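# 3D, please:
(2 chains)
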Protein chains: 2
Amino acid sequence: MKISELSRRAGVPVASIKYFRREGLLPAGRATAATLAEYGEEHVQRLRLIKALTTLGGLSIAATRDVLAAVGEAHTTEGKLGAISYALPVPVADSPVADSAQGAADQTAAEAEVAELIAAMHWQTPDASPHVRGLTEALKALRRVDADYRPGELAAYAELANSIARLDLERAATFGDDAEAVAERAVIVFALSAPVLELLRRLAQEDQVRRRVAERGEALS
Amino acid sequence: MKISELSRRAGVPVASIKYFRREGLLPAGRATAATLAEYGEEHVQRLRLIKALTTLGGLSIAATRDVLAAVGEAHTTEGKLGAISYALPVPVADSPVADSAQGAADQTAAEAEVAELIAAMHWQTPDASPHVRGLTEALKALRRVDADYRPGELAAYAELANSIARLDLERAATFGDDAEAVAERAVIVFALSAPVLELLRRLAQEDQVRRRVAERGEALS
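Here you go, the predicted structure:
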């Protein structure tokens, strides 16, 4: 199909398609003339994935490129899953180096909290993992507002996270045996399920708040 | 304390403090002269909360103002929790109105999926809830990349979300009986736990991928 048809099918403007081509997110079409290219179903599919990652997933163009590159990187399904997991942006910005005694104490406490949790969960994640560093930053930020987790609380959340990850991996694996296809699905499950999970959490919170309000016989504004 | 001392204690530049004052995020200090004001511990606390919401929580200044206004709005703890829950930004951008037959079909299917889930979970959430609309948008986006949930999958996630919300509400409620104090804590739990939960999910995913790689005797790149 021509680029105009590709644009219509994928719901992406022609200018954006050209931009994604230049940025290396979309493979080239088959050249049919000096300025014409023929695109296939794989381009429609890839464009829809790019659109989902940049809108629902909230990924930048650079992050999208890294994640899509990870799909092609490793040879095995598991290798690809590992590469994708590390390519996804971590949802916590690095904070500046602690410039106070309190900051240094918070850093030490957060590191100890994460190490203790990982040991208790028997998680096989190295200290250099972006997720270990991200969690340390998040816990440090919570300590700064006196909202650190009490003993056992973080482990209770981690147990639920284990169950969620088990569902995620099942969901990624049910898309056939082809490593590339599983990897593309894994990108969707790893990168796009976070907003769904967050909305389910919000709905459940809303339900529980509403039940408490109803028990008290009040009206919710 | 003077504004310079407040800046040092909260770790927020003086210019930012003045900006938060102008934007209505921070209450005024006690005026001691035409251009001088005296600030208290409540200002330190509020500034740390603003900093946590805008960095770890990723909230805009406008969203932060809405959430902080909700803390003061309702009279009861439950009313405040409801107001905060609705003031928090929904993590899914609204998509343009469906302009194709496929878009309209995806909209109908996503709406039915959400309605069925809410009925199955016995959630007391009205159709007008921002979380109901957000979940509908998210499921529509997943349908567009052929990644809709299979029967039972979404309910399995929703059950785990229920358990998480139960932990969240317990965590918010353990900060005393004062409605205002509970509401401030609820802001932290509702708005700042999402990145922690996402990082725990990522760690659990990483652990499970590593275990599979180890079973196959491979090295993870």
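
# mind checking how far residue A:168 is from chain B?
Per CB to the nearest CB, to the nearest Å, residue A:168 is found 6 Å from chain B. Glycine gets a C-beta too; all of them are placed from N, C-alpha and C.

# Show the contacting residues for that residue.
A:189, A:190, A:193, B:201, B:205 (CB atoms under 8 Å, 6 or more residues apart in numbering or on different chains).

# which other helices and strands contact the lowest-mean-pLDDT helix or strand in chain A?
Least confident helix or strand of chain A, by mean pLDDT, DSSP states H and E, is helix A:77-87 with a mean of 82. Helix A:77-87 is packed against helix A:61-73, helix A:153-173, helix A:179-215, helix B:179-215, with contacts defined by 3 or more CB pairs under 8 Å, 6 or more residues apart in numbering or on different chains; DSSP states H and E.

# Could you list the residues in contact with it?
A:63, A:66-67, A:69-71, A:73-74, A:129-130, A:169, A:172-173, A:179-180, A:182-183, A:186-187, A:190, B:202, B:205-206, B:209-210, B:212-213, B:216, B:218, B:220-221.

# are any of those buried, and which?
A:63, A:66-67, A:70-71, A:74, A:129-130, A:169, A:172-173, A:179, A:182-183, A:186-187, A:190, B:202, B:205-206, B:209-210, B:212-213, B:220 (16 or more other CB atoms under 10 Å in any protein chain shown).

# how about low-confidence regions in chain A?
Low-confidence segments of chain A, defined by pLDDT under 70: A:93-99, A:174-177, A:217-221.

# Identify the residues contacting the residue nearest to the spatial centre of it.
Centroid-nearest residue in chain A, with CA atoms, centre = their mean: residue A:191, separated by 3.2 Å. With contact taken as CB under 8 Å, 6+ apart, residue A:191 is in contact with A:53, A:57, A:59, A:67, A:88.

# Disregarding residues adjacent in the polypeptide, which is nearest to it?
Leaving aside its sequence neighbours, residue A:191 sits nearest to residue A:57 (CB to CB, 6 or more residues apart in numbering or on different chains; 4.4 Å).

# helix/strand/coil for the one you found?
Using DSSP: H, G, I helix; E, B strand; the rest coil, the structure places residue A:57 in coil.

# Distance of it relative to residue B:37?
Separation of residue A:57 from residue B:37 (CB to CB, to the nearest Å): 44 Å.

# which of the two has more neighbours?
Neighbour totals were compared for residue A:57 and residue B:37, and residue A:57 leads with 25 against 16 (other CB atoms under 10 Å in any protein chain shown).

# List the contacts of that one.
A:64, A:191, A:192, A:194, A:195.

# Need the nearest residue in space to residue A:6, chain neighbours excluded.
Using CB to CB, 6+ apart, the closest residue to residue A:6 is residue A:39 (4.5 Å).

# Check residue A:69 too.
Residue A:69 sits nearest to residue A:87 (CB to CB, 6+ apart), 7.2 Å away.

# Tell me how many other residues surround the one you found.
22.

# Let me know whether the residue nearest to residue A:6 touches residue A:29 as I believe.
Yes: under the criterion of CB atoms under 8 Å, residue A:39 makes contact with residue A:29 at 4.3 Å.

# Quick check: neighbours shared by those two?
Joint contacts of residue A:39 and residue A:29 (CB under 8 Å, 6+ apart) are residue A:3.

# what about these two, which has more around it?
Legend: neighbour count by other CB under 10 Å for residue A:39 and residue A:29, higher for residue A:39 (23 against 18).

# Spit out the contact partners of the more buried one.
Contacts of residue A:39 (CB under 8 Å, 6+ apart): A:1, A:2, A:3, A:5, A:6, A:29, A:30.

# Show me the contact partners of the helix or strand where the fourth one lies.
In other words, residue A:5. Using DSSP states H and E, residue A:5 sits within helix A:3-10. Applying CB under 8 Å, 6+ apart, the contact partners of helix A:3-10 are A:1, A:12-14, A:17-18, A:29, A:37, A:39, A:43-44, A:47-48, A:51.

# go with 7 Å
A:13, A:14, A:17, A:37, A:39, A:43, A:44, A:47, A:48 (CB atoms under 7 Å, 6 or more residues apart in numbering or on different chains).

# Whichever of these end up buried, select them in ChimeraX.
Per 16+ other CB under 10 Å, the buried members of those correspond to this ChimeraX selection:
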select /A:17,37,39,43,44,47,48
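
# Save the contacts of helix A:3-10 as a markdown table, and put in secondary structure too.
As requested, the contacts of helix A:3-10 are exported to a markdown table (three-state DSSP):
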| residue | secondary structure |
| --- | --- |
| A:13 | coil |
| A:14 | helix |
| A:17 | helix |
| A:37 | strand |
| A:39 | coil |
| A:43 | helix |
| A:44 | helix |
| A:47 | helix |
| A:48 | helix |
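
# and stretch A:150-166, which residues are buried?
A:154, A:156, A:157, A:158, A:159, A:160, A:161, A:162, A:163, A:164, A:165.

# Domains of chain A: list them as residue ranges, please.
A:1-55, A:56-215 (automatic domain parsing).

# now these in CSV, with distance to residue B:100?
Listed next are the domains of chain A as CSV, based on distance: least, CB to CB, whole Å:
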stretch, distance to residue B:100
domain A:1-55, 8
domain A:56-215, 18
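
# Just say which of these is most tucked in.
Counting by mean count of other CB atoms under 10 Å in any protein chain shown, domain A:56-215 has the highest mean neighbour count of the domains of chain A, with a mean of 19.

# now that one: how far from the chain's centre is it?
8 Å (CA atoms, centre = their mean, to the nearest Å).

# just stretch A:42-49 next, same as before
Centroid separation for stretch A:42-49 versus its chain: 19 Å, with CA atoms, centre = their mean.

# For it, output the C-alpha coordinates as PDB.
Extracted in PDB, the C-alpha atoms of stretch A:42-49 (Å, rounded to 0.1, in the frame of the first residue of the first chain):
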ATOM      1  CA  GLU A  42       3.800  -5.100   9.400                       C
ATOM      2  CA  HIS A  43       4.000  -1.400   9.000                       C
ATOM      3  CA  VAL A  44       0.400  -0.900  10.000                       C
ATOM      4  CA  GLN A  45       1.000  -3.100  13.100                       C
ATOM      5  CA  ARG A  46       4.200  -1.300  14.000                       C
ATOM      6  CA  LEU A  47       2.600   2.100  13.700                       C
ATOM      7  CA  ARG A  48      -0.300   1.100  15.900                       C
ATOM      8  CA  LEU A  49       2.200  -0.100  18.500                       C
END
